[in-house]
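Visitor: 3D, please:
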Amino acid sequence: MPELPEVERFRQILSTLVNADEKQTLKLELHGEKPPRKWISAEEIGQTSGRFYCESVFRKGKLLWMVLIGNTIKRKKTEDSEKRCYLFLHMGMTGRLVSPDMSCSWGNKYIKDDEEAKFPPKYTYLILKSGEKKVAFADPRKFGSVSLCDNLATAEELAPDGLDETNSESNHLEKITSCVSNQRLGIKALLLDQKRVVSGVGNWVADEVLYQCGIHPDQQNLTKEQACKIVKKLNSILSTAVVCLNQYKAYPETWLFSYRWTRKKAGKDCKGRSLTFLQSGGRTSAIVASIQKLRKSQGKEIEKNSKVSRKRKSVSRPDGPQPHFKKEDKSIVTNKRKKATKTLPESRLTKRRNEVSSGMNGNLKLRRSLRLANIGETKQFKIA
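Guide: Numbering: from 1, shown residues only. Take a look at the predicted model:
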């Protein structure tokens, strides 16, 4: 599945269709038979193609969108000329964007070298044109999607971007770090949730981050130091991957990425350590068990410390002057308490209980009254 580094490369390919001078409109063409289920319709293409130009292209996580603005040069001012809409593209499992002179095929096992030379490539279902520039959307397994919207609600649902919002200058860095630490959910499941902490992290990226940090995928209740290390390592890995794709280079040999594609068979990493596979966060995870150990006691210690701190807060007195009673008020309160706590003599209560339990008075009515010696009130008892 294309992850954030690949999708960032796709954004750069799609940016070739941007026209700042508004002279070239964007044209859309359906290609091939039986497009994916979540695909733009022929009617929507007829209403959009040739009537808008692409102002810019954005990415958040694994989601791409093109900002389309009505063309004002070829026609007078109309409703279309003032309209703004957004074309969303998601790669799904095997989707990719290709132009005649730009591509991104690293990690894509469904496309061979001889097929990349062709344009449009096999399994293409949409072609975007702007002047002489062309981009094809190919998707062998048809899990990708293309949709036309008039708002950005789809992008706003996602968590902060895993690349742009994890650098040292981001305003979200501290918030992301706090969301990663001290969570009962396993760390890998937390990273894979696109709407919780960060967006754009997929299976191999999560495994790579945890491998380089030496943390088990199911580890819970991470410390602040561990959370900070994960966030920094995530930004470093994604940045390096984007540079490698732009320069048509392979990822570093020291990464787990180069050794994990063994079809779930045991292997070794760059240092000869054994590589194993397990299920975590609903996905197959590659780990090196010798350095990625699950520490169950870590969660218990944190939970114990939190309970102690809560207990101390409940016992500690509130700040400020303590409440006090005057001598007259205190005496009134104590007298009321004494009256409220008066009961029958213990000997009479014990005698009555023994009589009921032994069945001596079993045939009596359900309700009987006892006169209270000290208070002078009547207390009702039910006798079974």
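Visitor: which stretches of the protein form helices?
Guide: Under the criterion DSSP state H, helices of the chain are mapped to 4-14, 42-48, 113-116, 153-156, 173-180, 187-192, 203-213, 224-246, 296-315, 327-340, 346-358.
Visitor: neighbouring contacts of the first one?
Guide: I take that to be helix 4-14. For helix 4-14, contacts defined as C-beta atoms under 8 Å, 6 or more residues apart in numbering pick out 2, 57-59, 61-64, 66, 89, 91, 96-99, 102-104, 106-108, 128, 135, 161-163, 200-202, 205, 238, 241-242, 244-246. To be clear about C-beta, it is placed using only N, CA and C from the backbone, and glycine gets the same treatment.
Visitor: so what's the gap between that helix and the chain middle?
Guide: Helix 4-14 sits 21 Å away from the centroid of its parent chain (C-alpha atoms, centre = their mean, to the nearest Å).
Visitor: for that helix, C-alpha coordinates in CSV please.
Guide: Provided in CSV are the C-alpha atoms of helix 4-14 (Å, rounded to 0.1, in the frame of the first residue of the first chain):
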residue,chain,number,x,y,z
LEU,A,4,3.2,8.9,3.1
PRO,A,5,6.5,9.0,1.3
GLU,A,6,5.0,7.6,-1.9
VAL,A,7,2.0,9.8,-1.7
GLU,A,8,4.2,12.8,-1.3
ARG,A,9,6.0,11.8,-4.5
PHE,A,10,2.5,11.5,-6.1
ARG,A,11,1.7,15.1,-5.0
GLN,A,12,4.8,16.3,-6.8
ILE,A,13,3.8,14.5,-10.0
LEU,A,14,0.3,15.9,-9.7
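Visitor: list the buried residues for stretch 194-206?
Guide: Neighbour counts over stretch 194-206 (16 or more other C-beta atoms under 10 Å) mark 194, 196-206 as buried.
Visitor: now those as CSV including pLDDT and distance to Gly46?
Guide: CSV is the format used below for the buried residues of stretch 194-206 (pLDDT from 0 to 100; distance: C-beta to C-beta, whole Å):
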residue, pLDDT, distance to Gly46
Gln194, 95, 32
Arg196, 94, 39
Val197, 94, 41
Val198, 95, 38
Ser199, 96, 33
Gly200, 95, 33
Val201, 96, 38
Gly202, 94, 35
Asn203, 95, 38
Trp204, 95, 40
Val205, 96, 39
Ala206, 97, 41
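Visitor: can I get those residues in TSV including distance to Lys23?
Guide: TSV is the format used below for the buried residues of stretch 194-206 (distance: C-beta to C-beta, whole Å):
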residue	distance to Lys23
Gln194	37
Arg196	43
Val197	42
Val198	38
Ser199	34
Gly200	34
Val201	39
Gly202	38
Asn203	43
Trp204	41
Val205	39
Ala206	44
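Visitor: which of those residues lies closest to Ser181?
Guide: Nearest to Ser181 among the buried residues of stretch 194-206 is Val197, at 10.5 Å by C-beta to C-beta.
Visitor: residues contacting that closest one?
Guide: 159, 176, 179-180, 190-191.
Visitor: could I get these as CSV with pLDDT, distance to Pro35 and neighbour count?
Guide: Output for those, formatted as CSV (pLDDT from 0 to 100; distance: C-beta to C-beta, whole Å; neighbours: other C-beta atoms under 10 Å):
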residue, pLDDT, distance to Pro35, neighbour count
Ala159, 95, 29, 20
Ile176, 92, 37, 21
Cys179, 92, 38, 18
Val180, 93, 39, 23
Leu190, 96, 34, 21
Leu191, 96, 32, 27
